[in-house]
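Enquirer: Everything below, folded, please.
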Amino acid sequence: MPEREITPTHSALLELKDERAGMQEGYDFLDEKRLILAGEILAELARYEREMDGFHRIHVQAARALRSALARHGLEGLELYPQATVPCKELRVEQGSVLGVRVQTAAWETGERRPPEPAVDASPEAEACRDAFLDLVLRAARLSVLAGNLERLRLEYSRTARRARALEDVLLPEIDGNIRYIDAALEELEREEVVRVRQVRGAP
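Expert: Residues are numbered from 1 along each chain as shown. Sure thing, here's the model as predicted:
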């Protein structure tokens with residue numbers, strides 16, 4: 001609110017002070033929310049990095065197993081090797097919330113693993129390759145859930161930080177300037193009134 005549009009009155013001053021108190025409460029809430037979201041992002045990032053470390057470790061093993069299986073069976077022979085059966089029923093995703101932000105946890109519901117179809121030319125190299133890539137698929141599903149959590153938390157943190165900065169850098173300084181302007185104007189009016197009263201009293 002530009003100063004030239006403000007009428008310097010006591011009621012306007014009280015109204016601005018009430019408005020500033022409300023803005024300060026809003027800023028305090030956003031600042032606290034920002035800190036909570038930042039903490040949750042760090043915790044979720046740690047979980048993601050642990051899961052990603054396991055994924056990379058299995059990925060190296062899977063690549064090594066794939067090379068061994070290809071050397072044993074060749075590409076065409078490996079393509080005909082019976083596929084793995086997933087030893088679980090479904091991916092169970094549980095919903096949670098952090099300050100209104102949807103956060104998920106995921107776990108595979110394990111079930112009975114049916115033995116795969118017998119291979120014509122079975123080998124430990126092909127079995128190891130099949131098991132390693134199956135583990136990669138299961139880990140990738142958990143990683144996708146964690147990545148979704150991080151993205152939603154990041155978006156909410158960015159929105160909260162923008163609103164907090166708008167209050168801190170624009171709205172609160174603006175209203176503080178208006179309050180100072182009215183305070184100064186009212187003090188000037190009071191001084192002028194005192195001078196007028198003295199002049200009236202001193203008049204013959």
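Enquirer: hey, let's count contacts and neighbours off CA atoms from now on
Expert: OK.
Enquirer: quick one, longest helix in this protein?
Expert: Residue-count comparison of every helix in the chain, with assignments taken from DSSP state H, identifies helix 10-79 as the longest.
Enquirer: Please state the offset of that one from the chain centre?
Expert: 7 Å (Cα atoms, centre = their mean, to the nearest Å).
Enquirer: Tell me the first helix or strand C-terminal of that helix.
Expert: Next along the chain after helix 10-79, taking DSSP states H and E as the criterion, comes strand 88-98.
Enquirer: Give me the helices and strands touching the worst-scoring helix or strand of the chain on mean pLDDT, please.
Expert: One helix or strand of the chain scores below all others by mean pLDDT, DSSP states H and E: strand 88-98, with a mean of 81. Applying 3 or more Cα pairs under 8 Å, 6 or more residues apart in numbering; DSSP states H and E, we find strand 88-98 packed against strand 101-110.
Enquirer: for the strand it packs on, which positions count as buried?
Expert: When burial is assessed from 16 or more other Cα atoms under 10 Å, strand 101-110 yields the following buried residues: Val101, Val103, Gln104, Ala106, Trp108.
Enquirer: Check the model's average confidence along it for me.
Expert: Computed over strand 101-110, the mean pLDDT rounds to 84.
Enquirer: where does the residue nearest the centre of the chain land in three-state SS?
Expert: Using Cα atoms, centre = their mean, the residue of the chain that lies closest to the mean C-alpha position is Leu153, 1.4 Å off. When the structure is reduced to helix, strand and coil (DSSP: H, G, I helix; E, B strand; the rest coil), Leu153 reads as helix.
Enquirer: Next, the angle strand 101-110 makes with the longest helix of the chain.
Expert: For the pair helix 10-79 and strand 101-110, the angle between their directions (axes from the mean of the first three to the mean of the last three Cα atoms, to 10 degrees) equals 20 degrees.
Enquirer: Could you check how far Pro118 is from Leu80?
Expert: Distance of Pro118 to Leu80, given as Cα to Cα, to the nearest Å: 11 Å.
Enquirer: what do you get for Ala126?
Expert: Relative to Leu80, Ala126 is positioned 11 Å away (Cα to Cα).
Enquirer: These two: which is more packed in?
Expert: In terms of neighbours (other Cα atoms under 10 Å), Ala126 is the more surrounded of Ala126 and Leu80; the figures are 24 against 12.
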